[in-house]
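Asks: pasted the sequence and its predicted model underneath.
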Amino acid sequence: MRPFYFAFFLLLSITSVSAQVVLIDPGHGGSDCGAKATVKLDGKNQVICEKDLALSIALKIQEELKDDFNVFLTRSIDRDLDLQERADIADRVQADIFISVHLNASHSRTSHGFETYYLNNHDNAAVRRVEEIENVDSEGDQIVINQILADLVIERTAPSSKKLANLIHQNIGKRIENKYSLVDRGVKPALFYVLALSKRPATLLEAGFITNDQEIHTILSPQFQRDYAQSVANGVRKYFKERPSPNLF
Ligand SMILES: [Zn+2]
C-alpha cells in the first residue's frame, strides 16, 4: 500500500476508534408503560404511555448525534428491559456517557415543565416521588446494593454528570422555554438507580409532564420532539468539547 493511502486508512481507523460513545436510554418499554395519561385527540380519548414518547424522543436524539459520535440505544423498539440490562449495555458498548429519556407525571394535573437530573444524594421530598416512579423495578436487597453502588459512582462521576446535565439543560432552556412556554424546573440531584448502575457520567431527562393537559399536546408534536432532541445534542457536543478527564471504573 502506498504511504499516502496507508496514512489515509490509519487516520480513518483512528477516527472511528476514538469517536466518543453516547448511549441513549429510552425509559421503560414492553409491559412497563411508565407514566400514563388519557388525552383527547381528534375527539377521541387515547391512552398515552411514557415509554412510547421516550422512544420517539430518544430516536430523534440519536439522529441528531449520529454523524459526530458512536450512538447506541438501549432499546430501539418497544420491549421489556430492566435497569441492570440497560447498564450492561453501557458496559458492552463502552459508553462515555449515558442519557436516560423520560417524561414526567404527577397526581396534580397542573404540574408542568422540564427538568434534568444527575446522580447525587439529596434531601428533597418532591424528587423522592419522581425516584419512586423511575426506580420501580428495584426492590429489597437490590435497593441496598444499588445504594452502595450509587455512593461509589457518585464519588467518581458526580462532577462530570453534573456538568453534562447542566449543559444539556441550558441548551433545552434556550430553545424550548420560550418557544413552547415550558417552565424550567431546574437541574436536580437524585438517586436514580439506572444512573448508578451505568457507572459513567450520566443524566436523566424529564422532558415534560404527560399528565398536564396542555403540555402533553406540546410533547406529542414532532416539531417539539425535534427541537428538544437538537437541544440535547447541542449540550452533548458542548460537554465533549469541555470534557473533564474520563472518570470510568
Ligand atoms: Zn420514566
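Replies: In hand now; what should we look at?
Asks: how about the residues of this structure by the ion?
Replies: 27, 34, 102, 134 (Cβ under 5 Å from the ion). C-beta: built from backbone N, CA, C; applies to glycine.
Asks: which of these fall within helices?
Replies: Those of the residues of the chain next to the ion mapping onto helices are Glu134, per DSSP state H.
Asks: next step: the residues of the chain next to the ion restricted to strands.
Replies: Counting by DSSP state E, the residues of the chain next to the ion place His102 in strands.
Asks: which two in the residues of the chain next to the ion are spaced the farthest apart?
Replies: Greatest spatial distance among the residues of the chain next to the ion (Cβ to Cβ): Gly34 and Glu134, at 8.6 Å.
Asks: so Asn171 sits against Asn234, correct?
Replies: Yes. Between Asn171 and Asn234 there is a contact at 4.4 Å, judged by Cβ atoms under 8 Å.
Asks: hang on, Glu155 in a helix?
Replies: Yes. Under DSSP: H, G, I helix; E, B strand; the rest coil, Glu155 falls within a helix.
Asks: and it, what's its pLDDT?
Replies: Looking at Glu155, its pLDDT is 89.
Asks: the residue most central in space within the chain bridge partners, please.
Replies: Nearest residue to the geometric centre of the chain (Cα atoms, centre = their mean): Ser100, 2.4 Å. Beta-bridge partners recorded for Ser100 (DSSP bridges): Asp25, Leu204.
Asks: assess the claim that it and Arg200 are in contact.
Replies: No. If you go by Cβ under 8 Å, Ser100 and Arg200 don't touch, sitting 11.8 Å apart.
Asks: now for the spatially closest residue to Val183 that is not a sequence neighbour, how many residues are close by?
Replies: In space, Val183 comes closest to Gly113 once its chain neighbours are excluded; the distance is 3.4 Å by Cβ to Cβ, 6 or more residues apart in numbering. Neighbour count of Gly113, defined by other Cβ atoms under 10 Å: 19.
Asks: again, but for Glu85
Replies: For Glu85, the count of nearby residues is 12 (other Cβ under 10 Å).
Asks: for Val39, same thing?
Replies: Val39: 16 neighbours (other Cβ under 10 Å).
Asks: before I go, just wanted to say thanks for your time.
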